[in-house]
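**Student:** coords please:
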Amino acid sequence: MRRRTSASARCLRVVGSCGTAGTGSGVAWVAERAERIAKEENLAFTLARIYSELKPDDLIAALHAGKLRPLPPSGRIDADTIRQAERPVPCPVR
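**Tutor:** Alright, predicted model coming up:
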C-alpha cells in the first residue's frame, strides 16, 4: 500500500543498498527487486543505480599519492593488501 501511495502522490523515494555496501552485485540485486515490485504493482518511475565498488589500481594510485589511509585500528596498508580485497568500497572520513 505504501508503495502505491508514494507513487501516486509523485513523492520521491530513495532505496539504498547499504546492507550490501554498494557492491555491484548488491546494487543489481536491489535494482532488480525494485523493478520486479514496480511491475507487480503497475508502477512507473525513474530508477538510478549508483555503484561504489572501487578498482584496485585506482586505490593503489591514491595510496601512492598519499590520499588513502587505513581506518583505525587497522595496521599499515600497502598495494598487496589492496590487491587482496574482494570488493573494495569507499568509506569517507573527514
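**Student:** contacting residues around the nearest residue to residue 62 once chain neighbours are set aside?
**Tutor:** Nearest non-adjacent residue to residue 62, counting by CB to CB, 6 or more residues apart in numbering: residue 68, 4.3 Å away. To be clear about C-beta, it is placed using only N, CA and C from the backbone, and glycine gets the same treatment. By CB atoms under 8 Å, 6 or more residues apart in numbering, residue 68 lies in contact with 59, 62, 77.
**Student:** per-residue confidence at residue 68?
**Tutor:** pLDDT recorded at residue 68 is 85.
**Student:** secondary structure class for it?
**Tutor:** coil (DSSP: H, G, I helix; E, B strand; the rest coil).
**Student:** name the element residue 61 belongs to?
**Tutor:** Assigned by DSSP states H and E, residue 61 belongs to helix 56-64.
**Student:** and what of residue 76?
**Tutor:** Going by DSSP H and E, residue 76 is not in any helix or strand.
**Student:** for residue 82, see how far away it is.
**Tutor:** Distance of residue 76 to residue 82, given as CB to CB, to the nearest Å: 12 Å.
**Student:** so, low pLDDT: which residues of this structure?
**Tutor:** 1-22, 89-94 (pLDDT under 70).
**Student:** domain boundaries for it, per the record?
**Tutor:** The chain breaks down into these domains under automatic domain parsing: 2-41, 55-89.
**Student:** in a markdown table, list these along with distance to residue 49.
**Tutor:** Output for the domains of the chain, formatted as a markdown table (distance: least, CB to CB, whole Å):
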| stretch | distance to residue 49 |
| --- | --- |
| domain 2-41 | 5 |
| domain 55-89 | 15 |
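**Student:** now the residue nearest to residue 62: how far from residue 56?
**Tutor:** The value you get for residue 68 to residue 56, if CB to CB is used, is 12 Å.
**Student:** show me what contacts residue 76?
**Tutor:** Contact analysis of residue 76 by CB under 8 Å, 6+ apart lists residue 70.
**Student:** again, 10 Å this time
**Tutor:** With contact taken as CB atoms under 10 Å, 6 or more residues apart in numbering, residue 76 is in contact with 69-70.
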